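1. Return atomic coordinates for the entry below.
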Amino acid sequence: MYDLFGKYGAIRQIRLGNRKDTKGTGFVVYEDIYDAKNAREHLSGFNVKDRYLVVLYFQKGISDKRKDLAKQKKELDVLRAKLAEISNS
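-> Down below sits the predicted model:
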């Protein structure tokens, strides 16, 4: 990944997804936003080992929404369990 993405600028960090829901995902952090933009323009759709890269920018708001949805799902599951207890009584 350093060889491929490093062509477009200085890389601060590369992290690979290590959970079931992030398998096949990598996170590349560039020192400069313009390098990240250049990499996205050139590498999005690029074929590597018979797989096509999808290169996106990180968007904080989207990750916050996912956390909120997960929290709401847990709360809903608790309410459903309470309702099931009441119904069975």
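2. what about residue 28, how many neighbours?
-> Counted with other CB atoms under 10 Å, residues neighbouring residue 28 total 23. Bear in mind the C-beta positions are built from the backbone N, C-alpha and C, glycine included.
3. Once you drop chain neighbours, what's closest to it?
-> Distances taken as CB to CB, 6 or more residues apart in numbering put residue 5 closest to residue 28, at 4.9 Å, once the chain neighbours are dropped.
4. centre of the chain versus stretch 8-22, how much separation?
-> Mean-position distance between stretch 8-22 and its chain equals 9 Å (CA atoms, centre = their mean, to the nearest Å).
5. Spell out the residue ranges of the strands in the protein.
-> Counting by DSSP state E, the segments of the chain that form strands are 11-16, 26-30, 47-48, 51-52.
6. Spell out the residue ranges of the helices in the protein.
-> 2-5, 33-43, 60-88 (DSSP state H).
7. C-alpha coordinates for the shortest one, CSV please?
-> What that stands for is helix 2-5. Coordinates of each C-alpha in helix 2-5 appear next as CSV, following Å, rounded to 0.1, in the frame of the first residue of the first chain:
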residue,chain,number,x,y,z
TYR,A,2,2.9,2.4,0.7
ASP,A,3,4.3,1.8,-2.8
LEU,A,4,0.9,2.5,-4.4
PHE,A,5,-0.3,5.4,-2.4
